[in-house]
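Novice: Predicted structure and sequence below. I'll ask about it afterward.
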Amino acid sequence: MPELDRNGVWRERALLVAALPPSKGGQEGQDPLDELRRLAQAAGADVQGSVVQRLSRPDPATYVGSGKAEEIALKAREVSADVIISGNNLSPAHVRNLENITNTKVVDRTELILDIFARRAMTKQARLQVEMAQLQYSLPRLRRKWTHLSRIEGGIGLRGPGEKQLEVDRRLAQKRISDLRRSLEQIRKRKEREVTERSHQNTVSLVGYTNAGKSSLLNTLTGAKVHTSDTLFTTLDTRTRSWQAAKGIPVLLSDTVGFIRDLPHALVESFHATLEESSRADLLLHVVDISLPDPLPLIQSVEKVLGELNLGARPTFLILNKLDALRDRIEIPILASKNPNTIAVSSRTGEGIEELRERVRDFFIKEMVEFDIRTHQANGKLISFLRKMGRVTNVTYEEELVRIRGRILERHLGRATKMNGEGLIDEE
């Protein structure tokens, strides 16, 4: 019998299918379907079984080949599957042919990820982003799915003589995509203004593979109480909290949407506004779940997405999280030897957190330049700014003026110069 989820919705019985490349050495002991299974569970599916095939190249008709397709059909009937979830991205022809052979709904990897995002989207921005990504992906796969969109155009009376329903559906979907683009562009501009307004502050952004523990680390560092869960894609919206990394170095720390292997391009495009914080951050903290059997492919997946977002050259610390769940720490020095900016931590126990604070503090101190500013004693706004954003080392009073010396980030010094008004700056 199908089970109900926490919202009282029937959980679909799912059969997982994955076509993998020929086996290579070093893969023993790894579950090739672990990520797909967790994705399916995150989408609310009740996984009943799986079929795995080693494949050199996809079959043009069914991706898996006719023989394996019949095996999948038999297995689907055996477990009474409501849906077949493919770990591979399928063409519209692959999906159509597999559904005809198995007489069961087929969902591929990208559609599955989009469904999870749709379930997790809470804000207006996230919902618009997910809807656009779904439409972009589904447009070439239309199978009379979008007739409900006719209400956007007014429906009856607007269909041209002899125009086929599928053409109407495509036209409506394309119009909806255009509307969503405009709405998201407005949100992007607003987000950009918000980030620009915070450009005088020190900013650090958490990035990483989904479920690496970014939100837990945010809570540990800032004392925030954002929701965390041992599921994929818990966070879809950027969340920013204040973090006192060290005295005189306040930081805005942002948690972003998690990445995943072969992240659908439509989602990368749609979530560009959400990732605006990362694009402007002074420093990225790439959080990795070090307790996984082989974290290196996940590290490479995140680096690939960062490259696509033009963030590959951004200063980055590699944060090996979940140290408390690691049985053998032999891999830590191996990864550290490849990246000198590697820090091992546990957001759960606090191990390594102080080292992380010190490394972030040292990063900002290294980026600071010396300043020597004279201003009127009544210029409280500037004095407060220098104390908050810099490290003041000396203060002397000269009649109505005050002379302040210390170190501050170069871009903050430019802002202080503008705030000084009639004050003088000596470069010594």
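Specialist: On my side now, so go ahead.
Novice: Strands of this structure, residue ranges please.
Specialist: In the chain, the strands defined using DSSP state E lie at 13-20, 46-54, 83-86, 105-107, 202-208, 239-246, 249-255, 283-289, 316-321, 342-344, 368-376, 391-398, 401-409, 424-425.
Novice: Now tabulate those strands in a markdown table and tack on distance to residue 133, mean pLDDT and mean neighbour count.
Specialist: Glycine gets a C-beta too; all of them are placed from N, C-alpha and C. What follows is the strands of the chain, written out as a markdown table (distance: least, CB to CB, whole Å; pLDDT from 0 to 100; neighbours: other CB atoms under 10 Å):
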| stretch | distance to residue 133 | mean pLDDT | mean neighbour count |
| --- | --- | --- | --- |
| strand 13-20 | 22 | 92 | 23 |
| strand 46-54 | 24 | 92 | 17 |
| strand 83-86 | 18 | 94 | 24 |
| strand 105-107 | 15 | 92 | 20 |
| strand 202-208 | 19 | 87 | 25 |
| strand 239-246 | 21 | 80 | 17 |
| strand 249-255 | 21 | 83 | 23 |
| strand 283-289 | 24 | 92 | 24 |
| strand 316-321 | 26 | 94 | 24 |
| strand 342-344 | 33 | 93 | 21 |
| strand 368-376 | 41 | 89 | 18 |
| strand 391-398 | 44 | 88 | 12 |
| strand 401-409 | 36 | 89 | 19 |
| strand 424-425 | 49 | 44 | 12 |
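Novice: how about CSV for those, with distance to residue 336 added?
Specialist: Shown next, in CSV, are the strands of the chain (distance: least, CB to CB, whole Å):
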stretch, distance to residue 336
strand 13-20, 31
strand 46-54, 35
strand 83-86, 37
strand 105-107, 40
strand 202-208, 17
strand 239-246, 21
strand 249-255, 23
strand 283-289, 12
strand 316-321, 8
strand 342-344, 4
strand 368-376, 26
strand 391-398, 29
strand 401-409, 27
strand 424-425, 41
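Novice: and the angle for the longest helix seen in the chain with strand 249-255?
Specialist: Identified as the longest helix of the chain according to DSSP state H is helix 165-197. Helix 165-197 and strand 249-255 are oriented at 170 degrees to each other (axes from the mean of the first three to the mean of the last three CA atoms, to 10 degrees).
Novice: What is helix 165-197 packed up against?
Specialist: Applying 3 or more CB pairs under 8 Å, 6 or more residues apart in numbering; DSSP states H and E, one finds that helix 165-197 contacts helix 124-138, helix 150-153, helix 276-280.
Novice: hey, least reliable of those by pLDDT?
Specialist: Here the lowest mean pLDDT among these goes to helix 150-153, at a mean of 44.
Novice: So which bits of the longest helix of the chain are buried?
Specialist: 168-169, 171-173, 176-177, 180-181, 183-184, 187-188, 191, 195 (16 or more other CB atoms under 10 Å).
Novice: likewise stretch 297-317?
Specialist: Residues of stretch 297-317 classed as buried by neighbour count (16+ other CB under 10 Å): 298, 299, 301, 302, 303, 305, 306, 309, 311, 314, 316, 317.
Novice: residue contacts, the fourth one?
Specialist: For residue 302, the set of contacting residues under the criterion of CB atoms under 8 Å, 6 or more residues apart in numbering consists of 207, 208, 209, 259, 286.
Novice: So for it, what's the pLDDT?
Specialist: Taking residue 302 on its own, its pLDDT is 86.
Novice: Might one say that residue 43 is in contact with residue 112?
Specialist: Yes - with contact defined as CB atoms under 8 Å, residue 43 reaches residue 112; the gap is 5.8 Å.
Novice: and those two? which has more neighbours close in?
Specialist: Counted by other CB atoms under 10 Å, residue 43 and residue 112 do not tie: residue 43 has more neighbours, with 25 against 22.
Novice: Nearest to residue 215 among the helices and strands packed on helix 165-197 would be which one?
Specialist: Residue 215 lies closest to helix 276-280 among the helices and strands packed on helix 165-197, at 14.4 Å (CB to CB).
Novice: which of the buried residues of stretch 297-317 lies closest to residue 138?
Specialist: For the buried residues of stretch 297-317, the residue nearest residue 138 by CB to CB is residue 305; the value is 22.3 Å.
Novice: The closest one and residue 81, how far apart?
Specialist: 32 Å (CB to CB, to the nearest Å).
Novice: how near is residue 92 to residue 99?
Specialist: Separation of residue 92 from residue 99 (CB to CB): 11 Å.
Novice: err, residue 250, not the other one
Specialist: 56 Å.
Novice: again, but for residue 57
Specialist: Using CB to CB, we find residue 57 at a distance of 22 Å from residue 99.
Novice: who has more neighbours, the two?
Specialist: Taking other CB under 10 Å, residue 57 and residue 99 do not tie; residue 99 has more neighbours (14 against 8).
Novice: what's the nearest residue to the more buried one if we skip its chain neighbours?
Specialist: Using CB to CB, 6 or more residues apart in numbering and skipping residues adjacent in sequence, the residue nearest residue 99 is residue 106, 5.1 Å away.
Novice: Report the contact partners of the one you found.
Specialist: Residues in contact with residue 106 (CB under 8 Å, 6+ apart) are 83, 84, 86, 90, 95, 98, 99.
Novice: Quick check: beta-bridge partners of it?
Specialist: Judged by DSSP bridges, the bridge partners of residue 106 are residue 84.
Novice: quick one, what contacts residue 78?
Specialist: By CB under 8 Å, 6+ apart, residue 78 lies in contact with residue 49.
Novice: Quote the end-to-end distance of stretch 252-260.
Specialist: Start and end residues of stretch 252-260 are separated by 25 Å (CA to CA, to the nearest Å).
Novice: can you list the weak-confidence ranges in this protein?
Specialist: Residues of the chain that meet the criterion pLDDT under 70 lie in 1-9, 23-30, 141-166, 195-200, 226-238, 247-248, 263-277, 421-428.
Novice: Domain map for it?
Specialist: Domain ranges of the chain: 13-107, 121-194, 201-364, 367-425, per automatic domain parsing.
Novice: Which residue, neighbours along the chain excluded, lies closest to residue 244?
Specialist: Residue nearest to residue 244 in three dimensions, not counting chain neighbours: residue 250, with 5.8 Å by CB to CB, 6+ apart.
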